[in-house]
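Novice: can't give you the sequence, but here's the structure:
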């Protein structure tokens, strides 16, 4: 469990698309602010993670549950809800995120891979908000 980054301001983001560039080694998840000034953020992810996020965006469900589908189903059955996914920092090109979950026992915050958090946010009955620390915009 990690602590919500105190004193940081966050912006609500939309997951715009997943881009594949044959020249680059990693696919990119493109995020854009929901409100002015509509800044964007490009997050490199592994190929398998990009495919999962792309399926989540399209609303497709695998024949056998993916990890995000499984965890989403587990949360639903345990009356848990994802409050938000927060992209909190970037170190050496790696983005770090937190998954904020509300359960009947209370609120919990978990360290998570950004790609996993994005997939889980999209798999909720109503997509959970994705928040990005303002300090990550250049």
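Specialist: Looks like it came in fine. Because the structure is predicted, anything quoted here is derived from the model rather than measured. Residues are numbered from 1 along each chain as shown.
Novice: what pLDDT does residue 106 get?
Specialist: On pLDDT, residue 106 comes in at 95.
Novice: got any ranges where this structure has weak pLDDT?
Specialist: 1-6 (pLDDT under 70).
Novice: neighbours around residue 117, how many?
Specialist: Neighbours of residue 117 under the rule other CB atoms under 10 Å: 26. For the C-beta atoms, the positions are set from N, CA and C on the backbone; glycine is no exception.
Novice: phi and psi next, for it.
Specialist: phi -60, psi -40 (degrees, to the nearest 10).
Novice: now it: closest residue in space that isn't a chain neighbour?
Specialist: residue 85 (3.7 Å; CB to CB, 6 or more residues apart in numbering).
Novice: show the contacting residues for that neighbour.
Specialist: 97-100, 112, 114, 117-118, 120-121, 128-131 (CB atoms under 8 Å, 6 or more residues apart in numbering).
Novice: report the beta-bridge partners for it.
Specialist: residue 99, residue 130 (DSSP bridges).
Novice: by neighbour count, which of the contacts of residue 85 wins?
Specialist: Going by other CB under 10 Å, residue 118 tops the contacts of residue 85 with 29 neighbours.
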